[in-house]
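> Here is a sequence together with a model predicted from it:
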Amino acid sequence: MTFLKRGVPLGIAFLMGVLMAFQYYVPHEHSKAFLELMTRWDKIIAGFAVFIGAYSLFHLHYTRIKRRAAGWGYSFFVFVGAFVTIAFGLYNGGEAFWHDKKEGTMFDWIYMNIQVPAGATIFSILAFFMASAAYRTFRARTVESTVLLVAAIIVMLGRVPVGALISQYIPVAADWIMGVPNLAAKRGILLGVSLGAIATSIKIIFGVERQYLGGGD
Amino acid sequence: MRLPLLLLSTLLTVLSCNPCNHGALAQGLELILPEGFKAFDTPNDSGETISLTWKVSPSESTDIDYIIYLSPSTDGPWQEAVRFRSDTHYKSDAPELFGFRKKLRNSHFLRIEPRRYFPGKENKKAVYYFKLAMARGEEVVPQGEVVSARAKGNWFDLSKLNNLIIMVSFSGIVLFFIAHARRFPHLFVRRISGLDAVDEALGRATEMGRPALFVHGLTGMGSISTMAAVNILGRIARKVAEYDTILKVVNNDPIVLSVSQEVVKESYLEAGRPDAYNQDNVVLVASEQFPYVVAVGGIMTRERTAANFFVGFFYAESLILAETGAATGAIQVAATDSYTQLPFFITTCDYTLMGEELYAASAYLSREPMLLGSLRAQDLGKAIIILVLFFGTILASFGIEFITQVFRAF
């Protein structure tokens, strides 16, 4: 049982990890075909996993309605939204769903006129969150926060026309901050991330890190 | 008197020589055809292309073109494949094949996909024939020499050799330190305050009788940051089970959901609390970015989560999530390798694990010597990079580009 639960997944992780790592160095068409095959497998698995996701979502909201949990009324909208969208998706503008997707159907209308504007609305809220976060952070309590505050003011002014009107040096200073200290810090983080990612990959490939299988050892 | 007249007549002659007249003069010159026309299979490719090289000709200028003719047989029919300006396409444009020598500007180089010119007749073993010609407007002067080559797939991309050496070396260092840590388990690891805060956050959630929330990033299971996030989730879930509090895990990817459910379940089992595991606490709330934000924000505000963990790779949603959490008064710990979102997490979260700390977190929380060994390897890797950067900067300052070329990625 341990072999099936641990040995087989670890063996698959090792084999696929090594193959996929070396695939990057092999330009041959067989290597490309292998990569395409793996990508296709990934898509097929993801396709089946959608059912698990849908089950999880519907079960959660069904339970919320059943238990009359706080805000359970919103859970109805999940079912209504899902039912209407799926129905129009299957209807496919009069042609059945097993044909190619038809353009300009009610399904598209729902996406373009409900999903997209709703997403854009949430995205636009980001501006207000940014202002409130900036207000909280940019208080010169310490040396570090003062440096952050000054740098932020220069960069913000340097990115708008009024900055150049105040002084021609502000856009130059803003470009220097973005191109030198900011870029250096970014590259430092990226180097660390790359080393961390390789180390984590090695640990997973060689079965040292097994947490993703569930449980520690 | 004669001298000024002579100067004036010379000046008038010079002024009358405009570019059109130059072109007219050039029309009269005979084109000197290039030498050393060669065709060969392009190295380091999948077998799609053939490379052509030839030496530069003294006749080259902006109004002179090269034409490459292509045929599947030595007798033709010949088809014009490419026409380009004669002062372009040099060997120096392809350092992955020819290196960085200065002399490479003395030869032309062109990569051509011959099968593209014969649709429906693609034969992988076919030999293709090439002819070169120089052209000035409508005037075409063929070089006469016919060269041939067959495109073959290669089993190793030599241009990525530097990458392979670095990868194998660093992997060797990681494995060495893992083995070393097995023999000498008492390794010193510097404190990471964000990870020390995990206990504090969970303790607070337990005392307040409110749930802790684990928020996955937007990337799927194919992303290494999600793998790291799942590893951290397992450690946190075990502590949650021991503390007997509630852990809610939200996902946006069905595969990550399945893995997370399994990881949390196993962690509860390990902690001896399988009964405390509730599948409805590890859920997929939405698969799109902004519906995910709304759903997670709703959970934070409705359930007043006491501790929020944002772990994985985030995009624009990071600030909305973290700011909503901050508004509810939750203690927040973020861990991400998404450097564009780091400023948002730093400003809104109590603790932020930056970049590589995300990958170190699982080892740090578990305290397993073998996992901690890899952290040593990462530190050594960083030390080597710092040394290379230091010497590379000095050499580059003196015009020696050697290190830059060695580490160039293709």
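Structure received. Residues are numbered from 1 along each chain as shown, chains lettered A, B, ... in the order given.
> interface residues of the stretch 301-410 of chain B facing chain A?
For the stretch 301-410 of chain B, the residues in contact with chain A (C-beta under 8 Å from any C-beta of the partner chain) are B:302-303, B:316, B:319-320, B:323, B:337, B:339, B:342, B:344, B:347-348, B:354-360, B:362, B:366, B:368, B:370-371, B:374-375, B:377-378, B:381-382, B:385. Heads up, the C-betas are built off the backbone N, CA and C, glycines and all.
> Mind checking which of these are buried?
Neighbour-count burial (16 or more other C-beta atoms under 10 Å in any protein chain shown) applied to those gives B:303, B:316, B:319-320, B:323, B:337, B:339, B:342, B:344, B:347-348, B:354-360, B:362, B:366, B:368, B:370-371, B:374-375, B:377-378, B:381-382, B:385.
> by contact count, what packs against the longest helix seen in chain B?
For chain B, the helix that runs over the most residues, judged by DSSP state H, is helix B:369-397. Helices and strands touching helix B:369-397, by 3 or more C-beta pairs under 8 Å, 6 or more residues apart in numbering or on different chains; DSSP states H and E, are helix A:181-205, helix B:161-183, helix B:356-366, helix B:402-406.
> Would you format those as TSV with distance to B:Ile50 included?
Shown next, in TSV, are the helices and strands packed on helix B:369-397 (distance: least, C-beta to C-beta, whole Å):
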stretch	distance to B:Ile50
helix A:181-205	35
helix B:161-183	23
helix B:356-366	43
helix B:402-406	26
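> Now do B:Thr74 against B:Val147, distance only.
Distance, B:Thr74 to B:Val147, using C-beta to C-beta, to the nearest Å: 10 Å.
> which residues does whatever residue of the stretch 1-150 of chain B ends up closest to chain A contact?
Residue of the stretch 1-150 of chain B nearest chain A, by C-beta to the nearest C-beta: B:Ser46 (4.8 Å). Residues near B:Ser46 by C-beta atoms under 8 Å, 6 or more residues apart in numbering or on different chains: A:Pro27, A:His28, A:Glu29, A:Ser31, A:Lys32, B:Gly153, B:Asn154.
> Among the helices and strands packed on helix B:369-397, show me which one is buried the most.
Comparing the helices and strands packed on helix B:369-397 by mean neighbour count (mean count of other C-beta atoms under 10 Å in any protein chain shown), helix B:356-366 ranks first with a mean of 25.
> Now it: average pLDDT?
Averaged over helix B:356-366, pLDDT sits at 88.
> Which elements pack onto it?
helix A:181-205, helix B:193-208, helix B:224-243, strand B:331-336, helix B:369-397.
> lowest average confidence, helix or strand, in chain A?
When each helix and strand of chain A is scored by mean pLDDT, DSSP states H and E, helix A:2 comes last, with a mean of 76.
> Centre of the chain to that helix, how far?
Put simply, helix A:2 sits 34 Å off its chain's centre (C-alpha atoms, centre = their mean, to the nearest Å).
> so what's residue 45 closest to, chain neighbours aside?
In the absence of a named chain, chain A is used. Closest residue to A:Ile45 apart from its sequence neighbours, by C-beta to C-beta, 6 or more residues apart in numbering or on different chains: B:Ile255 at 6.9 Å.
> hm, I was asking about chain B
In space, and not counting its chain neighbours, B:Asp45 is closest to A:Pro27: 5.3 Å by C-beta to C-beta, 6+ apart.
> Quick one: residues contacting that neighbour.
Going by C-beta under 8 Å, 6+ apart, A:Pro27 touches B:Asn44, B:Asp45, B:Ser46, B:Gly153, B:Asn154, B:Phe156, B:Asp157.
> Would you mind measuring from the third one to B:Gln332?
With the distance defined as C-beta to C-beta, B:Ser46 ends up 47 Å from B:Gln332.
> which element follows the helix or strand harbouring A:Ala118 toward the C-terminus?
Assigned by DSSP states H and E, A:Ala118 falls within helix A:116-137. Next in sequence after helix A:116-137, counting helices and strands by DSSP H and E, comes helix A:143-158.
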